[in-house]
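>>> Quick one, what's the 3D model for this:
(2 chains)
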There are 2 protein chains.
Amino acid sequence: MPRRPTPILRFRLLLDTEHAIGPGKADLLAAIAATGSIAAAGRTMGMSYKRAWQLIDELNRSFAAPLVATSKGGKRGGGAVLTPMGERVLAAYRAIDHKAQTALAAELKALARLLIR
Amino acid sequence: MPRRPTPILRFRLLLDTEHAIGPGKADLLAAIAATGSIAAAGRTMGMSYKRAWQLIDELNRSFAAPLVATSKGGKRGGGAVLTPMGERVLAAYRAIDHKAQTALAAELKALARLLIR
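Modelled structure (predicted):
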């Protein structure tokens, strides 16, 4: 059997007893920034509009200001954008992710040596 | 409303497409080391024996050697101990956790300032 690859570190930030942000919500925010729409962002992640909207609603209620702003109607049927708070939170999450991966690279490599190969 | 506390970092190591180790399995290993029994360890975590056994079985199949060894029968009705591999994996997980918390303390504190208060 081929040697297994280095373990992948995924993390989640518990904001309080009911709210958290992890890789799924971070990717959803990034997809909204990329597509300009909650529905389209959800689709790129294989998620229903309802589910995507629930996650965004949760995020909007967790921080001191909403992370995503939506507009209804218009020629293109409304859309969604990251607010300045959304940009800050996404950037902070990505920075924490990058720092964790860098700081722990050696430890993760060492753990790979204990896995089945 | 009181200011929300600093976000708590929880992480999970993806070992391959099907296996992972996170806080639950790490705590279960520690509870087995403390209690000498899979059933008792599960109970301290509000987990059925079946569920605890499944998690341990998964861990035992993920690494190059089993993490938990069990003995059947005897005066005390059998028991479970961490193997040297189990001790190594638990120590590695705790070390990664500690290093992550230390390395990211400032970032987590900064994120707390963006939360609802």
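>>> for the host helix or strand of A:Lys99, packing partners?
Under the criterion of DSSP states H and E, A:Lys99 resides in helix A:84-103. Counting contacts by 3 or more C-beta pairs under 8 Å, 6 or more residues apart in numbering or on different chains; DSSP states H and E, helix A:84-103 packs against strand A:8-14, helix A:23-35, helix B:84-103, helix B:105-112. Heads up, the C-betas are built off the backbone N, CA and C, glycines and all.
>>> Make a markdown table from these and add mean neighbour count to it.
Below are these laid out as a markdown table (neighbours: other C-beta atoms under 10 Å in any protein chain shown):
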| stretch | mean neighbour count |
| --- | --- |
| strand A:8-14 | 19 |
| helix A:23-35 | 19 |
| helix B:84-103 | 17 |
| helix B:105-112 | 15 |
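>>> residues contacting A:Pro23?
A:Arg10, A:Phe11, A:Arg12 (C-beta atoms under 8 Å, 6 or more residues apart in numbering or on different chains).
>>> Please identify which of those residues is nearest to chain B.
Relative to chain B, the closest of the contacts of A:Pro23 is A:Phe11; by C-beta to the nearest C-beta it sits at 3.8 Å.
>>> check contacts around that closest one.
Counted by C-beta under 8 Å, 6+ apart, A:Phe11 has contacts A:Gly22, A:Pro23, A:Ile96, A:Asp97, A:Ala100, B:Leu9, B:Arg10, B:Phe11, B:Arg12, B:Ala100.
>>> Tell me the spacing between A:Glu107 and chain B.
5 Å (C-beta to the nearest C-beta, to the nearest Å).
>>> go on, A:Met45?
Counting by C-beta to the nearest C-beta - A:Met45 and chain B are separated by 18 Å.
>>> starting at the chain centroid, how far to stretch A:16-28?
7 Å (C-alpha atoms, centre = their mean, to the nearest Å).
>>> That stretch: end-to-end distance?
One end of stretch A:16-28 to the other measures 20 Å (C-alpha to C-alpha, to the nearest Å).
>>> Close to chain B: what parts of chain A are there?
A:4-5, A:7-16, A:61-64, A:85, A:88-89, A:92, A:95-96, A:99-100, A:103-104, A:107-108, A:110-111, A:114-117 (C-beta under 8 Å from any C-beta of the partner chain).
>>> Contacts for stretch A:94-101 next, please.
A:Leu9, A:Phe11, A:Leu13, A:Ala26, B:Leu9, B:Phe11, B:Ala100, B:Ala103, B:Leu104, B:Glu107, B:Leu108, B:Leu111.
>>> how does it look with 7 Å?
Stretch A:94-101 is contacted from outside by A:Leu9, A:Phe11, B:Ala100, B:Ala103, B:Leu104, B:Glu107, using C-beta atoms under 7 Å, 6 or more residues apart in numbering or on different chains.
>>> Format the residues you listed as TSV; extra columns: pLDDT and distance to A:Leu55.
Listed next are these as TSV, based on pLDDT from 0 to 100; distance: C-beta to C-beta, whole Å:
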residue	pLDDT	distance to A:Leu55
A:Leu9	93	22
A:Phe11	92	17
B:Ala100	94	24
B:Ala103	94	27
B:Leu104	94	23
B:Glu107	93	22
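>>> Among the residues you listed, which one sits closest to A:Tyr49?
Nearest to A:Tyr49 among those is A:Phe11, at 27.0 Å by C-beta to C-beta.
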